[in-house]
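Chemist: Starting from these lines, generate the structure:
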Amino acid sequence: MADAVAATGTRAIIVSRTNPETPDSGVRISPESAGLAPGSGGLGGRSASGGFGAGIEVEIADAGDPATAGRLLDRYDPDAVVLVAGAVPPMAPLQEQTWETFSVNWHADVRIAFEWLRAALVRPLRPGSRMIVVSSGAALNGSPLSGGYAGAKATQRLITGYAQGEAERAGLDLTFTAVLPRLTPLTTLGQVGVRAYADRAGLPADEYARGMGEPLTPEQAGAAVVELLRADAATIAPAYLLTSAGLTVTSDSPGRSRKPVPSTS
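Modeler: From the prediction side, this is the model:
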């Protein structure tokens, strides 16, 4: 997603708790990271290499730390924030989960969304800014082998809507929306899920993945984010399902009712 944003000529900042230039950090997948598209803010990020294109910088920080969001929003003064944040859930049926494994995504995914949404309102972001929270299609359909993951992703979607409502009550010219990507075998997170559900169905992982239909690619996800960043704020809906076919408006979540984003393809 950062590559897609940077390709538009926008300076992009990746916030990651670990070094995204190392193979095991998984920042391209989403472990506790946030992307900022700064406007007039000053420099301060560390230049990234190793898989990232020009115009992308990296901040090593814990996105779930309550101080991180406010500090980085002050430093960069972004006009767009994209949260692609969370942990890979422990895969097991309900009876094999513990509360510790079941609640992993509540302590990571929900906390990060809460801290950044709250900071965007308290600071607040400058007028005309927008924030995209990347949730999951599991928020709509559930995910019986991933513990509290689906509930955590549903909560991300809900509190994004709450943030929109609070922005309107305060007279802030801010736009918040949630994007719910369908499970795809083309990310590490998706591969973990596909293997678990394939095992449950007694199928090879590649056969199970083929049965899911055309997979959503990282490039398509990046293009969808850019589409929302470029769209007229008045046309942006509270939440979208994202598949390989593109963005589809979901039923309204809390927040103002908006029209579907017009296609730019």
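Chemist: now Asp232: how far from Ala198?
Modeler: In this structure, Asp232 lies at 42 Å from Ala198, with CB to CB, to the nearest Å as the measure. From N, CA and C alone the C-beta is placed, and that goes for glycine too.
Chemist: Please identify which of these two sits among more neighbours.
Modeler: Applying other CB atoms under 10 Å to Asp232 and Ala198 shows that Ala198 carries more neighbours, namely 18 against 11.
Chemist: Angles on the backbone of the residue located most distally from the centre of the chain, please.
Modeler: Distance from the C-alpha centroid of the chain peaks at Gly202, with 31.1 Å (CA atoms, centre = their mean). Reported as degrees, to the nearest 10, the phi and psi values for Gly202 are phi 70, psi 30.
Chemist: in the stretch 1-150 of the chain, which spans are helices?
Modeler: Assignment of helices within the stretch 1-150 of the chain using DSSP state H, counting those that start in this stretch yields the ranges 2-6, 66-76, 99-102, 104-105, 111-122, 138-141, 149-169.
Chemist: how far out from the middle of the chain is the fourth one?
Modeler: For helix 104-105, the gap between its own C-alpha mean and the chain's C-alpha mean amounts to 15 Å (CA atoms, centre = their mean, to the nearest Å).
Chemist: quick one: low-confidence parts of this protein?
Modeler: Regions of the chain meeting the criterion pLDDT under 70 cover residues 19-34, 37-54, 252-265.
Chemist: Is it correct that Gly222 is in contact with Ala6?
Modeler: No - using CB atoms under 8 Å, Gly222 is not in contact with Ala6, being 9.7 Å away.
Chemist: More neighbours: which of those two?
Modeler: Residue environment comparison for Gly222 versus Ala6 gives the larger neighbour count to Ala6, 21 against 18, counting by other CB under 10 Å.
Chemist: Can you give me the separation between the residue farthest from the centre of the chain and Gly142?
Modeler: Taking CB to CB as the measure, Gly202 falls 21 Å from Gly142.
Chemist: Please apply the same query to Ala2.
Modeler: Taken as CB to CB, the span from Ala2 to Gly142 is 30 Å.
Chemist: So for these two, which sits in the more crowded spot?
Modeler: Neighbour count, other CB under 10 Å: between Ala2 and Gly142, Ala2 has more, with 28 against 13.
Chemist: ok, that one - contacts?
Modeler: The neighbours of Ala2, taking CB atoms under 8 Å, 6 or more residues apart in numbering as the test, are 12, 14, 35, 52, 56, 222.
Chemist: For Gly128, find the nearest of the helices of the stretch 1-150 of the chain.
Modeler: Smallest distance to Gly128 across these (CB to CB): 11.8 Å, for helix 149-169.
Chemist: got the buried residues for the closest one?
Modeler: For helix 149-169, burial by neighbour count (16 or more other CB atoms under 10 Å) applies to 149-164, 166-167.
Chemist: Any idea how far that helix is from the middle of the chain?
Modeler: Centroid displacement of helix 149-169 relative to its chain, using CA atoms, centre = their mean, is 13 Å.
Chemist: With stretch 57-64 instead?
Modeler: Using CA atoms, centre = their mean, the distance from the centre of stretch 57-64 to the centre of the chain it belongs to is 15 Å.
Chemist: What is the end-to-end distance of that stretch?
Modeler: From its first residue to its last, stretch 57-64 covers 19 Å (CA to CA, to the nearest Å).
Chemist: rewinding a little: who wins for proximity to Glu214 among the helices of the stretch 1-150 of the chain?
Modeler: helix 138-141 (17.4 Å).
Chemist: contacting residues around the closest one?
Modeler: In this structure, residues lying in contact with helix 138-141 by CB under 8 Å, 6+ apart are 146, 149-150, 153-154, 156-157, 180, 183, 241, 250.
Chemist: Could you single out the nearest of those to Tyr208?
Modeler: Within those, the smallest distance to Tyr208 is 10.8 Å, found for Leu183 (CB to CB).
Chemist: who's in contact with stretch 154-174?
Modeler: With contacts defined as CB under 8 Å, 6+ apart, stretch 154-174 is touched by 106, 109-110, 113-114, 117-118, 120-121, 124-125, 127-131, 133, 135, 139-140, 175-178, 180, 238-239, 253-256.
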